[in-house]
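Student: Take a look and give me a structure for this.
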Amino acid sequence: MLDKNKIKSAFPILDQQINGHTLVYLDNAATTQKPQVVIDSLVEYYSKYNSNVHRGVHTLSQLATEKYESARDKIKDFISAEKREEIIFTKNDTESLNLIAQSYGLENLKEGDEVILSVSEHHSNIVPWQIVARKTGAKLHFVKLTEDFGFDYDHFHSLVNEKTKIVSLSQGSNVTGEILDFQRIITAAHEVGAIVVADAGQTVSHFLVNLKIFLKDIDFVTFSSHKIYGPTGVGVLYGKEYLLEKMEPTLGGGDMIREVFEEYSTWNDLPYKFEAGTPNIADVIGLGTAIDYLNSIFPNHKDLWNEDKDITNYTLEKLKSLDFIEVYHANSKLDQTLPIVSFNVKGVHPHDVGTILDQQGIAIRTGHHCAQVLMKKLNQVATCRASMTFYNTYEDIDTLVEGLLKVKKIFGI
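Tutor: Got it, this is the predicted structure:
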């Protein structure tokens with residue numbers, strides 16, 4: 001069993017009062033909090049070896065380069081990638097998805113080709129493909145939801161055909177919490193020669209981005225540092241080496257070149273071909289520290305998954321027991337859903353709910369969650385969303401319930 005008090009003490013932001021109440025942070029799907037060791041790593045970089053990477057022979061530059069590239073190796077091992085050259089640093093999950101769409105999609109799609117998405121996608125996995133489709137004449141298809149807010153696999157299989165060239169889906173929904181069976185998706189897509197992209201923004205912090213277990217033979221994976229207890233401003237793109245080798249860079253400049261002439265340039269080797277200019281050195285190093293921290297707390301990754309299931313089950317039971325709450329959670333098995341529970345208070349706008357909860361020190365997310373297509377399917381303008389992680393407790397959920405009862409009282413429901 002985790003010592004939750006000890007865990008919480010590692011995250012300094014959690015030890016504060018918000019509007020006179022102890023902070024209850026339930027917005028982890030938007031961004032996770034940072035342990036002190038990650039914060040310390042940023043201070044250490046700027047105070048002890050701040051220098052540019054890959055370009056200097058002096059001691060500070062060599063140390064910065066060593067720490068920066070060490071983070072790449074940690075990510076490779078964390079997701080069980082084969083080669084460090086397959087790990088590309090970007091500024092966030094969104095940029096990683098855009099890089100795939102612009103560099104691979106624009107070069108390989110043509111009129112009549114088809115791209116499969118789902119109605120549950122985050123905007124970052126819809127808009128880039130819309131842009132590419134307009135430029136290439138490719139057509140987008142969206143997998144529907146089942147009646148219980150799940151991914152409709154029958155509809156997915158009906159969409160896959162010889163015209164399908166790309167399948168790009170979130171591994172886990174940031175609204176319904178559903179985790180997709182990607183092995184089923186990869187098999188169907190590869191049978192017709194399509195490549196598969198997994199947006200792992202919601203799943204990476206739950207140890208579900210393992211290329212040898214959950215995402216075997218996946219072509220591309222994307223995620224952000226700030227959702228795995230690391231700093232903001234860093235994204236990760238994993239891609240199969242042979243695909244990355246064939247792709248053209250989307251940004252030009254320093255470090256991504258091998259040689260520059262007046263008429264043309266040649267590109268650097270992977271992964272640097274896609275990392276133009278001075279990278280976000282400090283925050284990449286911080287991401288490496290976050291991975292070290294996670295591995296120290298959960299040497300057996302299954303232990304985190306058990307924590308996730310417990311808090312998800314407890315939250316669902318508590319919210320579903322309130323007759324004034326409407327829950328939008330994929331009604332699949334608990335081992336197929338994330339600790340994300342979207343809901344609404346009947347007759348009350350989510351922003352009003354969020355404001356009243358904030359007055360009690362409770363932080364949830366309200367809005368469309370960058371999933372307006374899904375909101376339309378749910379016939380909602382917005383929802384409330386509580387998203388948990390390993391530093392959350394049953395007491396946090398009890399406090400949420402107390403806050404919702406206060407919402408009920410204020411609005412006379």
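
Student: So residue 116 sits against residue 168, correct?
Tutor: Yes. Judged on Cβ atoms under 8 Å, residue 116 makes contact with residue 168 at a distance of 7.4 Å. C-betas here are computed from N, CA, C, even on glycine.

Student: what touches both of those two?
Tutor: Contact criterion Cβ atoms under 8 Å, 6 or more residues apart in numbering; residues shared by residue 116 and residue 168: none found.

Student: Endpoint to endpoint, stretch 74-83 covers what distance?
Tutor: Separation of the first and last residues of stretch 74-83 by Cα to Cα, to the nearest Å is 11 Å.

Student: what sits up against that stretch?
Tutor: With Cβ under 8 Å, 6+ apart, stretch 74-83 has contacts from 84, 86-87, 204, 209-213, 221, 236, 238, 241, 287-288, 291-292, 295.

Student: repeat that for 6 Å
Tutor: Outside stretch 74-83, the residues that touch it by Cβ atoms under 6 Å, 6 or more residues apart in numbering are 84, 87, 209-212, 236, 238, 241, 288, 291.

Student: of all these, which comes closest to residue 271?
Tutor: When these are ranked by distance to residue 271 (Cβ to Cβ), residue 87 comes first, at 6.0 Å.

Student: Let me see the contact set for that closest one.
Tutor: Applying Cβ under 6 Å, 6+ apart, the residues near residue 87 are 72, 75-76, 271.

Student: Now for the residue lying closest to residue 327 once chain neighbours are set aside, which secondary structure element holds it?
Tutor: Once flanking residues are discounted, residue 327 sits nearest to residue 343: 4.8 Å by Cβ to Cβ, 6 or more residues apart in numbering. Assigned by DSSP states H and E, residue 343 falls within strand 340-345.

Student: secondary structure element for the nearest residue to residue 288 once chain neighbours are set aside?
Tutor: Sequence neighbours aside, residue 71 is the residue nearest to residue 288 in space, at 3.1 Å (criterion: Cβ to Cβ, 6+ apart). For residue 71, the element it lies in under DSSP H and E is helix 59-79.

Student: what's the burial count for residue 264?
Tutor: 7 (other Cβ atoms under 10 Å).

Student: quick one: it and residue 81, what's the gap?
Tutor: Separation of residue 264 from residue 81 (Cβ to Cβ, to the nearest Å): 32 Å.

Student: Which residues are in contact with the residue nearest to residue 288?
Tutor: Contacts of residue 71 by Cβ under 6 Å, 6+ apart are 284-285, 287-288.

Student: related to what we said a few turns ago, quick one: which of the contacts of stretch 74-83 is nearest to residue 17?
Tutor: Nearest member of these to residue 17, counting by Cβ to Cβ, is residue 291, at 30.9 Å.

Student: distance of that closest one from residue 85?
Tutor: 19 Å.

Student: Repeat that for residue 322.
Tutor: Taking Cβ to Cβ, one finds residue 322 at 51 Å from residue 85.

Student: Ok, residue 350 next?
Tutor: Relative to residue 85, and taking Cβ to Cβ, residue 350 is found at 44 Å.

Student: more crowded one of these two?
Tutor: Per other Cβ under 10 Å, whichever of residue 350 and residue 85 has more neighbours is residue 350, with 22 against 18.

Student: quick one: contacts for that one?
Tutor: Neighbouring residues of residue 350 by Cβ under 6 Å, 6+ apart: 366, 382-384.

Student: go with 10 Å
Tutor: 342-344, 364-368, 380-385 (Cβ atoms under 10 Å, 6 or more residues apart in numbering).

Student: circling back to that earlier point, can you tell me which of the contacts of residue 71 end up in helices?
Tutor: 284-285, 287-288 (DSSP state H).

Student: who wins for most neighbours among those?
Tutor: residue 287 (30 neighbours).

Student: For residue 67, see how far away it is.
Tutor: 11 Å.

Student: which residues do these two both contact?
Tutor: Common neighbours of residue 287 and residue 67 (Cβ under 10 Å, 6+ apart) are residue 41.

Student: picking that back up, I'd like the contacts of residue 71 laid out as TSV, including distance to residue 105 and pLDDT.
Tutor: TSV is the format used below for the contacts of residue 71 (distance: Cβ to Cβ, whole Å; pLDDT from 0 to 100):
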residue	distance to residue 105	pLDDT
284	26	98
285	31	98
287	26	98
288	30	98
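
Student: Could I get the full set of strands for the stretch 1-150 of the chain?
Tutor: With DSSP state E, counting those that start in this stretch, the ranges of strands along the stretch 1-150 of the chain come out as 17-18, 21-22, 24-25, 87-90, 114-118, 139-143.

Student: Of all the ones you listed, which one comes closest to residue 256?
Tutor: In terms of Cβ to Cβ, the element of the strands of the stretch 1-150 of the chain nearest to residue 256 is strand 87-90, at 10.8 Å.

Student: Who are the packing partners of whichever strand or helix holds residue 198?
Tutor: Here residue 198 is covered by strand 195-199, with elements defined by DSSP H and E. In terms of contacts (3 or more Cβ pairs under 10 Å, 6 or more residues apart in numbering; DSSP states H and E), strand 195-199 is packed against helix 93-99, strand 114-118, strand 164-170, helix 182-191, strand 220-224, strand 235-239.

Student: wait, isn't residue 206 in contact with residue 306?
Tutor: No. At 11.1 Å, residue 206 does not count as touching residue 306 under the criterion of Cβ atoms under 10 Å.

Student: shared neighbours of the two, anything?
Tutor: With the criterion set as Cβ under 10 Å, 6+ apart, the contacts of residue 206 and residue 306 do not overlap.

Student: The two - which one has more neighbours?
Tutor: Comparing residue 206 with residue 306 by other Cβ under 10 Å, the one with more neighbours is residue 206, at 22 against 13.

Student: hang on, the earlier thing: for residue 135, state which of the contacts of residue 87 is nearest.
Tutor: residue 271 (26.1 Å).

Student: contact partners of stretch 209-217?
Tutor: Taking Cβ under 10 Å, 6+ apart as the rule, stretch 209-217 contacts 75-76, 78-82, 86, 171-172, 179-183, 185-187, 189-190, 196, 198, 200-201, 203, 207-208, 218, 221-223, 228, 236, 238, 240, 301.

Student: Please repeat the previous calculation with a cut-off of 7 Å.
Tutor: 79-81, 182-183, 186, 190, 198, 200, 203, 208, 218, 221, 223 (Cβ atoms under 7 Å, 6 or more residues apart in numbering).

Student: Many thanks, I have nothing further to ask.
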